[in-house]
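Q: build the 3D model from these lines:
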Amino acid sequence: MPVDASVSAHTRNARKIASEWKRKCVALVPGIRYEETVAEDLGQRIDILDEQDQCAYELKVSGKNAYAEFYKDIVKVLMWNEAHEAQSKKIKEFVFMTEETWGRKQLDTHMPKAFIEFLLAKFELSVKIEYPYKLDSTRNE
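A: Here you go, the predicted structure:
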């Protein structure tokens, strides 16, 4: 299989998994929304938003490049909070989920941990990283 076809297949599969995950969350928990627009002019969305608990959730299916997605998602939450400050809809907790094999290698390090402490101290934003599943580390994704 050509590299481009393989990457494309992985991307389609990841999108399918994420989409199914979002639909199931919405079906299981009343009042949560998915693909919530951060701000009209930014073109970014939050995967799952529970406004009652003021918590946002993001899922990165593959742990590869999880660090980049983690920081991007944090920026989305901060921008959401800036855009919704007047309505008292600020997100107070953020949960980033990714697979463990690759994700932990990138996110269980000093910089993300220090950044999480900074976010709590400066923005009162509690951040958690969860690893709900583990891929076979011998696979080359």
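Q: so what's residue 120 up against?
A: Residues in contact with residue 120 (Cβ atoms under 8 Å, 6 or more residues apart in numbering) are 126, 127. Placement of C-beta: from N, CA and C, glycine included.
Q: okay, buried residues for the helix or strand harbouring it please.
A: Per DSSP states H and E, residue 120 falls inside helix 110-123. If you call a residue buried by 16 or more other Cβ atoms under 10 Å, then helix 110-123 has these buried ones: 112, 116, 119, 123.
Q: the residue lying closest to the second one once chain neighbours are set aside pairs with what?
A: Among residues not flanking residue 116 along the chain, residue 127 sits closest, at 4.5 Å (Cβ to Cβ, 6 or more residues apart in numbering). Judged by DSSP bridges, the bridge partners of residue 127 are residue 94.
Q: these two touch, right, residue 127 and residue 114?
A: No: counting by Cβ atoms under 8 Å, residue 127 stays clear of residue 114, with 11.5 Å between them.
Q: now for the residue nearest to the spatial centre of the chain: which residues touch it?
A: Nearest to the mean C-alpha position of the chain, by Cα atoms, centre = their mean, lies residue 58 at 2.2 Å. Residues in contact with residue 58 (Cβ under 8 Å, 6+ apart) are 46, 47, 48, 69, 73, 76, 94, 95, 96, 97.
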